[in-house]
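Visitor: my questions concern the predicted model and sequence given below.
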Amino acid sequence: MKSILIKDTTKEEREQIVAESIGNISGSCDGCMGGLADMYQPYIDGLKEIRDINMEFRAHYESGIEGPEKETCGYMR
């Protein structure tokens, strides 16, 4: 497998890496794929490694689903 680091790729190769990784951007029905492609533009431009973009995305991700609330067992008085 060839390296995907910025120092080892050209801009054209990085565009191809992102396009192949994301898939068919124009085939999305809800318009979210365009935003996903934009998220990787700093990688394509050679400004940020793809791993850094992915780590930032995961760090800011919130599901919007509330987790279960912790309750006591009932034996504590």
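Guide: Sure, I can see it.

Visitor: check which residues of the helix or strand hosting residue 53 are buried.
Guide: Assigned by DSSP states H and E, residue 53 belongs to helix 50-60. Going by neighbour count (16 or more other Cβ atoms under 10 Å), the buried part of helix 50-60 is 50, 53. For the C-beta atoms, the positions are set from N, CA and C on the backbone; glycine is no exception.

Visitor: skip ahead from the strand or helix carrying residue 37 and say which helix or strand is next.
Guide: In the assignment (DSSP H and E), residue 37 maps to helix 32-39. Next in sequence after helix 32-39, counting helices and strands by DSSP H and E, comes helix 41-44.

Visitor: outside of that next one, which residues touch it?
Guide: 6, 11, 14-15, 18, 48-50, 53 (Cβ atoms under 8 Å, 6 or more residues apart in numbering).

Visitor: between those, which is closest to residue 36?
Guide: Using Cβ to Cβ, residue 18 is the member of those that lies nearest residue 36, at 9.4 Å.

Visitor: please give me every residue in contact with that closest one.
Guide: Contacts of residue 18 (Cβ under 8 Å, 6+ apart): 37, 40, 43-44, 50.

Visitor: and what of residue 39?
Guide: 53, 57.

Visitor: gap between residue 10 and residue 52?
Guide: 19 Å (Cβ to Cβ, to the nearest Å).

Visitor: what average pLDDT does the helix holding residue 53 get?
Guide: Helix 50-60 carries an average pLDDT of 83.

Visitor: what's the nearest residue to residue 50 if we skip its chain neighbours?
Guide: residue 43 (4.7 Å; Cβ to Cβ, 6 or more residues apart in numbering).

Visitor: how close does that neighbour sit to residue 19?
Guide: In terms of Cβ to Cβ, residue 43 sits 12 Å off from residue 19.

Visitor: more neighbours: which of the two?
Guide: Under the neighbour definition other Cβ atoms under 10 Å, residue 43 and residue 19 were set side by side, and residue 43 has more, 23 against 14.
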